[in-house]
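Visitor: Sequence and predicted structure, then a few things I'm wondering about:
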Amino acid sequence: MGIAKHRGRFGGVIHALLLLATIVAALPAPCLAAEFLVRTAGEISLALQKALPGDTILLNDGVWIDQYIQFAGNGTEQAPLVLRAQTPGRVVLTGNSRLEISGQWLVVDGLRFEDGALLSGQHVIRFTGKKGEAAHSRLTNVSIVNYNPTDPATRYFWVSLHGQNNRVDHSRFEGQNHSGVTVVVWRKPDVRDGHLIEYNHFLNRPLGAGNGFETIRIGTSAEALSDSGTVVQSNLFERTNGGIEIVSVKSGDNDIRFNTFWQAAGTVTLRHGNGNRVTGNFFLGDHVAGSGGIRVNGTNHVITNNYLQDLIGLSGGEIALFCGQPNAGPADNAPVKNVTIAYNTVIYNSEAAFKLDEGCGTLGRTERPQDLQFLNNLVAGNGGPFFDGQAGDGLVLAGNLYFGKKMRGIRPGEIRLADPKLTLAPDNLWRPDADSPSPAINAGAVTGIFLPDMDGQERDREPDIGADEFSLAPIVNKPLSARDVGPAWNK
């Protein structure tokens, strides 16, 4: 009886295993990602007719001349569709070659555009095409170098972002000398873009003839009152001298953070739009003519934890706030209101640290900036004063420290006057000396602003004055060099 029960139990197990094997055998075999090696734009189009999410189209190493590539398809979040160089950096596109990225969850990796030229109104790389605007797509490990026409007045764009939630990263954009923005975000009214532009190297853009030579532009004046939500972070701008606006913000709710501007003749300009944040950037001018900091129009901006050193200056101050036009239209100068400027270090610069009324009296600009908060800023060694000009109503000052000879614009007791006792650290940044001790340490006003300092270190309950909070925590944000950005194959 026991033996029969035992055999019955094993018989049931065997039956279950056989049933499971039958089910597994009936399931489709797992799909393996495929690779398609191609040699022309036409072969790319043919491969796309067969490619599935997770597949890779490999561009054969070599020089590709006059190729119009239309990378149109759809991947998934877990299995993007990839267009990649067979060997990163060894696929060189030239002549009038250009690329369109169209669809969702696409990745373009390792291409090199060099010594080509396009017609006016075209785009070297464009995030739209046969399948509409791109979304959740990525351009990475790419370079565009000297893609210039014979006539610098010929206007076209190097990278045009359309759609939503796209990313441009670890790429190199060098030597653009013609009219047109290097990386531009094209917007639709009331549509949030959510793009990410990070770890790129922008370099060697000579002075342009007039407007239209920006390195990055987010939107246009027509859509400026809606939010883009674009993040520009951890990029190196090296000698990007095309125009006064290196980064031109013409929309709202964007973050310009952790970037390094080195020997760059221009500024981050909040030209149109509201509610933008400029935080944790390094402006290192090396006394180059035209090197500047931040220019401000609009409302509800936050400018914190920036380090500005050795700037010659533009717009009358390293951080310049513009007078506005009453009833300003989309392309006008909107009045500046409710802007917080806190925890910035402005050191050894030629202009005033803060210009309070740039452009007043010109072009109908009569409204002075109002409701400004200057909190815990450190200014030392400047050729100019702490303030220049006169703000409107609602100026709040707390915790600021100034060390210089030009006291213009400061009333007694408003700003602390003392030697901040800075020391040149191994990273060539001037930091408060803890051994002296510096009067900037633990001397800041309590602000309710809890953003990390320029190093990415948390501030304590007794905040320091300036961009640097004395801390023994690891430094996670620093001035960037060519080793930190750009394509992995071009270090």
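Guide: The structure has been received and is ready for your questions. Residues are numbered from 1 along each chain as shown.
Visitor: and stretch 434-453, average pLDDT?
Guide: For stretch 434-453, mean pLDDT is 92.
Visitor: can you give me how far that stretch is from the chain middle?
Guide: From the chain centre to the centre of stretch 434-453 is a distance of 27 Å (CA atoms, centre = their mean, to the nearest Å).
Visitor: And it, what's buried?
Guide: Neighbour-count burial for stretch 434-453 flags S438, P439, A440, I441, N442, A443, G444, T447, I449, L451, P452, D453 (criterion: 16 or more other CB atoms under 10 Å). From N, CA and C alone the C-beta is placed, and that goes for glycine too.
Visitor: residues in contact with the fourth one?
Guide: When contacts are counted by CB atoms under 8 Å, 6 or more residues apart in numbering, I441 touches P432, A434, D464, F470.
Visitor: got the contact list for the last one?
Guide: Read it as F470. Taking CB under 8 Å, 6+ apart as the criterion, F470 is in contact with R431, P432, A434, I441, D464.
Visitor: Name the member of the residues you listed with the shortest distance to L424.
Guide: Within the contacts of F470, distances to L424 taken as CB to CB reach their minimum at R431, with 8.1 Å.
Visitor: Which strands or helices does the host helix or strand of the closest one pack on?
Guide: Following DSSP states H and E, one finds R431 within strand 430-432. Using 3 or more CB pairs under 8 Å, 6 or more residues apart in numbering; DSSP states H and E, the elements in contact with strand 430-432 are strand 422-424.
Visitor: Each with direction, which strands does the strand it packs on pair with?
Guide: With DSSP bridges as the test, strand 422-424 is paired with strand 430-432 (antiparallel).
Visitor: And for the strand it pairs with, what's in contact with it?
Guide: Contacts for strand 430-432 (CB under 8 Å, 6+ apart): 309, 345, 347-348, 380, 420-425, 438, 440-441, 464-466, 468, 470.
Visitor: Go ahead and confirm N259 touches V231.
Guide: No: when contacts are counted by CB atoms under 8 Å, N259 is not listed as touching V231 (10.7 Å).
Visitor: And these two? Which one has more around it.
Guide: N259 (29 against 18; other CB atoms under 10 Å).
Visitor: so how far is S179 from the more buried one?
Guide: 24 Å (CB to CB, to the nearest Å).
Visitor: Next: N442.
Guide: 50 Å.
Visitor: ok, now W186?
Guide: Per CB to CB, W186 is found 17 Å from S179.
Visitor: Look up which helix or strand the residue nearest to the spatial centre of the chain falls in, please.
Guide: By CA atoms, centre = their mean, the mean C-alpha position of the chain lies nearest to V232, the distance being 1.7 Å. Assigned by DSSP H and E, V232 falls within strand 231-233.
Visitor: and that strand, average pLDDT?
Guide: Averaging pLDDT along strand 231-233 gives 98.
Visitor: Each with direction, which strands does that strand pair with?
Guide: According to DSSP bridges, strand 231-233 has these partners: strand 196-198 (parallel), strand 255-257 (parallel).
Visitor: Tell me which of those sits nearest to G399.
Guide: strand 255-257 (22.1 Å).
Visitor: helix or strand right after that closest one?
Guide: Following strand 255-257 in sequence, per DSSP H and E, is strand 260-262.
Visitor: in its sheet, what does that next one sit against?
Guide: When DSSP bridges is applied, strand 260-262 pairs with strand 236-240 (parallel), strand 282-284 (parallel).
Visitor: Throw these into CSV and include distance to N333, mean pLDDT and mean neighbour count, thanks.
Guide: Shown next, in CSV, are the strands paired with strand 260-262 (distance: least, CB to CB, whole Å; pLDDT from 0 to 100; neighbours: other CB atoms under 10 Å):
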stretch, distance to N333, mean pLDDT, mean neighbour count
strand 236-240, 24, 98, 24
strand 282-284, 23, 98, 23
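Visitor: Mind putting the ones you listed into CSV with distance to A222?
Guide: Below are those laid out as CSV (distance: least, CB to CB, whole Å):
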stretch, distance to A222
strand 236-240, 25
strand 282-284, 29
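Visitor: For V268, find the nearest of the ones you listed.
Guide: Taking the strands paired with strand 260-262 one by one with CB to CB, strand 282-284 is closest: 8.3 Å.
Visitor: before we move on, back to that, using a markdown table, lay out the strands paired with strand 231-233 together with distance to L111, mean neighbour count and mean pLDDT.
Guide: What follows is the strands paired with strand 231-233, written out as a markdown table (distance: least, CB to CB, whole Å; neighbours: other CB atoms under 10 Å; pLDDT from 0 to 100):
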| stretch | distance to L111 | mean neighbour count | mean pLDDT |
| --- | --- | --- | --- |
| strand 196-198 | 17 | 21 | 98 |
| strand 255-257 | 27 | 21 | 98 |
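Visitor: Figure out which of these is closest to S102.
Guide: Using CB to CB, the nearest of the strands paired with strand 231-233 to S102 is strand 196-198, at 18.9 Å.
Visitor: Including distance to V124, could the strands paired with strand 231-233 go into a markdown table?
Guide: As requested, those are exported to a markdown table (distance: least, CB to CB, whole Å):
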| stretch | distance to V124 |
| --- | --- |
| strand 196-198 | 16 |
| strand 255-257 | 23 |
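Visitor: Name the spans of the stretch 1-150 of the chain whose pLDDT lies under the cut-off.
Guide: 1-31 (pLDDT under 70).
Visitor: Show me where it has its strands.
Guide: 35-38, 56-59, 62-65, 68-74, 81-85, 91-94, 98-104, 106-109, 112-114, 123-126, 128-129, 132-133, 138-140, 143-145 (DSSP state E, counting those that start in this stretch).
Visitor: Quick one: residues in contact with the last one.
Guide: Under the criterion CB under 8 Å, 6+ apart, residues 89, 111-115, 124-125, 158-159, 171-176, 486-487, 490 lie in contact with strand 143-145.
Visitor: ditto for the third one
Guide: In this structure, residues lying in contact with strand 62-65 by CB under 8 Å, 6+ apart are R39, T40, A41, R90, V91, V92, L93, T94, G95, S97.
Visitor: Out of those, who's the most crowded?
Guide: L93 (28 neighbours).
Visitor: Distance check, it against F261.
Guide: Taking CB to CB, one finds L93 at 29 Å from F261.
Visitor: Next: I144.
Guide: Applying CB to CB, the value for I144 to F261 is 20 Å.
Visitor: Pull out the buried residues from stretch 60-76.
Guide: Buried-residue list, stretch 60-76, by 16+ other CB under 10 Å: W64, Q67, I69, Q70, F71, A72, G73, N74, G75.
Visitor: residues in contact with the third one?
Guide: Contacts of I69 were listed using CB under 8 Å, 6+ apart, and they are A41, I44, L83, L93, S97, R98, L99, E100.
Visitor: Tabulate these (TSV), appending distance to K406.
Guide: TSV is the format used below for the contacts of I69 (distance: CB to CB, whole Å):
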residue	distance to K406
A41	61
I44	62
L83	56
L93	53
S97	54
R98	52
L99	52
E100	54
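Visitor: of the residues you listed, closest to G316?
Guide: Closest approach between these and G316, by CB to CB: R98, at 41.1 Å.
Visitor: List the contacts of the closest residue to the closest one other than its chain neighbours.
Guide: In this structure, R98 finds its nearest non-sequential neighbour in V124, 5.5 Å apart by CB to CB, 6 or more residues apart in numbering. Counting by CB under 8 Å, 6+ apart, V124 makes contact with R98, L99, F113, G116, L118, I144, Y147, Y156, F157, W158, V159.
Visitor: can you rerun that using 10 Å?
Guide: Applying CB atoms under 10 Å, 6 or more residues apart in numbering, we find V124 in contact with 93, 96-99, 113, 116-118, 142, 144, 147, 156-160, 173, 176, 180, 182.
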